[in-house]
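J.: Test case, fold it:
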Amino acid sequence: MVDDPKLVSEEQMERWALEFNSWDVCDQCCMRLFRKTPYAYQKVEEWSKRDEEFVKRAAFTLIATLAVYDKKADDEKFEELFPIITRESGDERNFVKKAVNWALRQIGKRNLSLNRKAIAVAGKIDQLDSRSAKWIAKDAIRELESDKVLERLRKKQNS
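T.: Next comes the predicted model:
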């Protein structure tokens, strides 16, 4: 969109992430560029621990988009991200909360196995003493247990 992922450096990603000031710029940059860099998974780990609202959002936007577009990644790659999602589910900031939820839902829509695991993670998140965590859990469970999602995953598995 605005750069070649092969030419993006880790330093550039850091500079740009610090300049995010809206959810749409953050999401588009992560979806269209950052997910295609060799640093994407590394930045998920690093940025998920950061305090800056849109830097933290970027971590979870990357998880959501990698869950959709990284077709070669095995289930374990995404299972390793569940503790990060759980850890940050208590963040009450709206833009972070929604991205954490998005990340959990997208992992759960990859296949039936990850769907079951994401629902179990959502159940654990629901037990946390946090309004944000409870919203994330209930919203994720509602979608991941929906007939529409389960039917699509069953068709995908049987094809």
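J.: Beyond the lengthiest helix in the chain, next helix or strand please.
T.: Ranked by residue count, the top helix of the chain under DSSP state H comes out as helix 53-69. Using DSSP states H and E, the helix or strand that directly follows helix 53-69 along the chain is helix 75-79.
J.: Name the residues of that next one that are buried.
T.: Residues of helix 75-79 classed as buried: F78 (neighbour count, 16 or more other Cβ atoms under 10 Å). In this view, the C-beta of every residue, glycine as well, is placed from N, C-alpha and C.
J.: Quick one: mean pLDDT for that helix?
T.: Rounded to a whole number, the mean pLDDT of helix 75-79 is 98.
J.: Tally up the residues packed near A64, please.
T.: A64 has 23 neighbours, counted by other Cβ atoms under 10 Å.
J.: Now the most centrally placed residue in the chain. Nearest residue, chain neighbours left out?
T.: By Cα atoms, centre = their mean, the mean C-alpha position of the chain lies nearest to A103, the distance being 2.5 Å. With Cβ to Cβ, 6 or more residues apart in numbering as the criterion, A103 has its nearest non-adjacent residue at 3.7 Å, and that residue is I63.
J.: same check, this time on K134
T.: Using Cβ to Cβ, 6+ apart, the nearest residue to K134 is D126, at 5.7 Å.
J.: What is the burial count for the one you found?
T.: The burial count for D126: 17, using other Cβ under 10 Å.
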